[in-house]
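Colleague: Mind looking at a prediction? Sequence and model below.
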Amino acid sequence: MFDFYERRKIRQLLYSWPSLIVLIALSVLLVPGVFEVYQQEKETRINKNQRLSHLEGLTVREEALQEEIDRLNTERGVEEEIRQKFEVAKEGERVIVIVDTPKATETEENSRNSGFFKKLFGFFFRN
């Protein structure tokens, strides 16, 4: 019986207005700290995702560079690279150079696209 009355007193003390006000005040004081920790966690998660995507890109680049190194370690790969960079040929081979047709200049395009009156005006009023 004594135990029941003791618990009742403790419960009354905990549920009283002064203790509730103290608990609410503590909660209000702790909210900014919790919010700051939440903001840091959110920023850390974003940074982690960015770093993981950057790491993935670097891994892909590393694989491509390793393939290129493996290709250049062969005699054929070295020969292909030299031919591509310096446009050379072995003795006895012939080189065919394909040249693109020159593009029309702006003035030629303007004269083709201009109308009759523009041509007439240009004929009489040249610079």
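Modeller: Received, thanks.

Colleague: C-alpha only now, for contacts and for neighbours.
Modeller: OK.

Colleague: where does this protein dip in pLDDT?
Modeller: In the predicted model of the chain, residues 1-2, 104-114, 126-127 satisfy pLDDT under 70.

Colleague: can you give me the strands for it?
Modeller: With strands called from DSSP state E, the chain shows none.

Colleague: so where do the helices sit in it?
Modeller: 2-14, 17-72, 75-86, 106-113, 116-124 (DSSP state H).

Colleague: Would you reformat the ones you listed as a markdown table and include mean neighbour count and distance to residue 99?
Modeller: Below are the helices of the chain laid out as a markdown table (neighbours: other C-alpha atoms under 10 Å; distance: least, C-alpha to C-alpha, whole Å):
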| stretch | mean neighbour count | distance to residue 99 |
| --- | --- | --- |
| helix 2-14 | 11 | 93 |
| helix 17-72 | 12 | 29 |
| helix 75-86 | 12 | 16 |
| helix 106-113 | 10 | 21 |
| helix 116-124 | 10 | 33 |
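
Colleague: closest one to residue 95 among the ones you listed?
Modeller: Checking those against residue 95 by C-alpha to C-alpha gives helix 75-86 as the closest, at 10.7 Å.

Colleague: what angle separates that closest one from helix 17-72?
Modeller: 90 degrees (axes from the mean of the first three to the mean of the last three C-alpha atoms, to 10 degrees).

Colleague: how far does helix 75-86 sit from the chain's center?
Modeller: Centroid separation for helix 75-86 versus its chain: 33 Å, with C-alpha atoms, centre = their mean, to the nearest Å.

Colleague: got it, and stretch 37-54?
Modeller: 15 Å.
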